[in-house]
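Next one to model:
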Amino acid sequence: MLVQINPIHPQPRQIARVVDCLKAGGVIAYPTDTTYGIGCSIFNKKGVDLIYQIKHRDKRKPFSFICADLSEVSRYTRLSNHAFKIMKRYLPGPYTFVLHASREVPELLTTRQKTVGIRIPDNRICLDLVQGLGAPLVTTSANLSGEEPVGDPYLINDQFGHALELVIDGGLLTTDVSSVISLLDDSIELLREGAGDLSWLAGEQR
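Here you go, the predicted model:
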């Protein structure tokens, strides 16, 4: 089911409708500041399993998740002062930062090394959803694993609508993905080049 939400001024009633869906265990497609994502609450194990099935994704590859702000990031990661300063400077933005996970993160969403990918996208819709949900939101591009991301909510609805509770129409987006940057042990390493300016990386090296 498609739900239209204004990307500049999200309607509170529509946000509440989607939040209720997420709290009830729903899996949805939603816009970010890059392309569309598929997600659910990080505490919805059945939902996370369903996303793996939908995407045909290897379960050894955990999903990243969206936090509302750095205060929430500090709850779900071991956030050093150095990492905090970098994330404060460049978020919200099209970056996924890899950090050591805290015990609050479900095991299904951590790597063997107990690390997680964290996003705070510059998109009002998904941040409103996370704030309303009161928990981080799983994020993975709306596509089959290995295929090009999809930036058209109508195409996403055609392909995945049968398996999703809701597909948010937040307008046409790019097919870009976020840049993935490791901040483990206060070292900076670019793991995937994607959207966003990356010229600052060299200047932040310690």
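
all contacts plus neighbour counts: C-alpha atoms, from now on.
Noted.

so where's this structure shaky on pLDDT?
Across the chain, residues meeting the criterion (pLDDT under 70) sit at 205-206.

Check which helix or strand the spatially most central residue of the chain maps to.
Central residue of the chain (CA atoms, centre = their mean): Thr139, 3.1 Å from the mean position. Counting by DSSP states H and E, the element that carries Thr139 is strand 137-141.

Kindly export that strand (C-alpha atoms) in PDB.
Included here for strand 137-141 are C-alpha records, laid out as PDB according to Å, rounded to 0.1, in the frame of the first residue of the first chain:
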ATOM      1  CA  LEU A 137      15.100   1.600  12.100                       C
ATOM      2  CA  VAL A 138      16.700  -1.100  10.000                       C
ATOM      3  CA  THR A 139      18.000   0.400   6.800                       C
ATOM      4  CA  THR A 140      18.900  -1.400   3.500                       C
ATOM      5  CA  SER A 141      18.400  -0.200   0.000                       C
END
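
Pull the distance from it to the chain's centre.
Relative to the centre of its chain, strand 137-141 is centred 4 Å away, using CA atoms, centre = their mean, to the nearest Å.

who does that strand touch, helix- and strand-wise?
Packing contacts for strand 137-141, counted by 3 or more CA pairs under 8 Å, 6 or more residues apart in numbering; DSSP states H and E, involve strand 36-39, strand 64-66.

among these, which is the most enclosed?
Burial among those, expressed as mean neighbours by mean count of other CA atoms under 10 Å, is greatest for strand 36-39, which shows a mean of 28.

Please name the strands paired to that one in the sheet, noting orientation.
If you go by DSSP bridges, strand 36-39 pairs up with strand 28-31 (antiparallel), strand 137-141 (antiparallel).

where's Tyr154, which helix or strand?
Element membership of Tyr154 [criterion: DSSP H and E] is helix 153-160.

That helix - contacts with which helices or strands?
strand 2-4, strand 166-169.

and these, which is most packed in?
On a mean-neighbour basis (criterion: mean count of other CA under 10 Å), the most buried of those is strand 166-169, at a mean of 24.

Show me what the helix or strand following that one is packed up against.
Scanning forward in sequence from strand 166-169 by DSSP H and E, the next helix or strand is strand 179-182. Applying 3+ CA pairs under 8 Å, 6+ apart, one finds that strand 179-182 makes contact with strand 95-100, strand 189-192.
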